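> Next one to model:
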Amino acid sequence: MGERKVLNKYIPPDFDPSAIPRKKRPKDQQIVVRMMLPMSIRCNTCGNYLYKGTKFNCRKEDVEGEDYLGIRIFRFYFKCTACSNEMAMKTDPQNADYIMEAGGTRNFEPWRDKDKAKAEIKAEREAEEMGDAMKALENRTQDSKNEMDILAALDEMKALADRHSTVTD
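Numbering: from 1, shown residues only. Alright, predicted model coming up:
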């Protein structure tokens, strides 16, 4: 019984690890992985909703000819739980997200639009400031004024809270 629990195995002195044959795998091989859905998806065939966090056995493959700054892009194939329709999504390292390719559509997520709008406003402001030093100064002045207004309102709220705490004691 004890011989099965041995952590160290005997290796003879004439052992050559390079003599062990290695299995050759093709480059475009698909690997089966178990993963959770990173987003909510609706099946195009039956209309079934697959929610974020649902576990699937997916087939994973490298997308040939596509990469982003040397980062490989993967494609995942999985099936709908209701109708067995195959869906495909791939990674999007540029946006740290996933893109639905076939078989399903991604559900609307309002915070994604909000983040995109903020990024557009920031890019527009930076482009505006790029050539105009006065505009950059005006924007910085406006930002500091807004920050001071927020701090003043916060101090006022703290003072009001202190007054109310002394009244109730």
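
> Are there helices or strands packed against the helix or strand of the chain with the lowest mean pLDDT, and which ones?
When the helices and strands of the chain are scored by mean pLDDT, DSSP states H and E, helix 110-131 comes last with a mean of 82. Judged by 3 or more Cβ pairs under 8 Å, 6 or more residues apart in numbering; DSSP states H and E, the packing partners of helix 110-131 are helix 133-168. Just so you know, the C-beta spots here come from the backbone N, C-alpha and C atoms, and that holds for glycine as well.

> I'd like to know which elements the helix it packs on is packed against.
Packing partners of helix 133-168 (3+ Cβ pairs under 8 Å, 6+ apart): helix 110-131.

> pLDDT of the longest strand along the chain, averaged?
When the chain is parsed with DSSP state E, its longest strand is strand 55-68. For strand 55-68, mean pLDDT is 89.

> Buried ones in the helix or strand following it, by neighbour count?
Beyond strand 55-68 on the C-terminal side, the first helix or strand identified by DSSP states H and E is strand 71-79. For strand 71-79, burial by neighbour count (16 or more other Cβ atoms under 10 Å) applies to Ile73, Phe74, Arg75, Phe76, Tyr77, Phe78, Lys79.

> just those now: which is nearest Pro93?
Taking Cβ to Cβ as the measure, Pro93 lies nearest Ile73 of the buried residues of strand 71-79, at 6.8 Å.

> what's the distance between that closest one and Glu120?
25 Å (Cβ to Cβ, to the nearest Å).

> Ok, Ile11 next?
Counting by Cβ to Cβ - Ile11 and Glu120 are separated by 62 Å.

> And Gly53, its phi and psi?
Main-chain dihedrals, Gly53, degrees, to the nearest 10: phi 100, psi 0.

> That one is in contact with Met35, isn't it?
No: with contact defined as Cβ atoms under 8 Å, Gly53 does not reach Met35; the gap is 10.6 Å.

> what about those two, which has more around it?
Comparing Gly53 with Met35 by other Cβ atoms under 10 Å, the one with more neighbours is Met35, at 13 against 10.

> secondary structure class for that one?
With DSSP: H, G, I helix; E, B strand; the rest coil as the basis, Met35 sits in strand.
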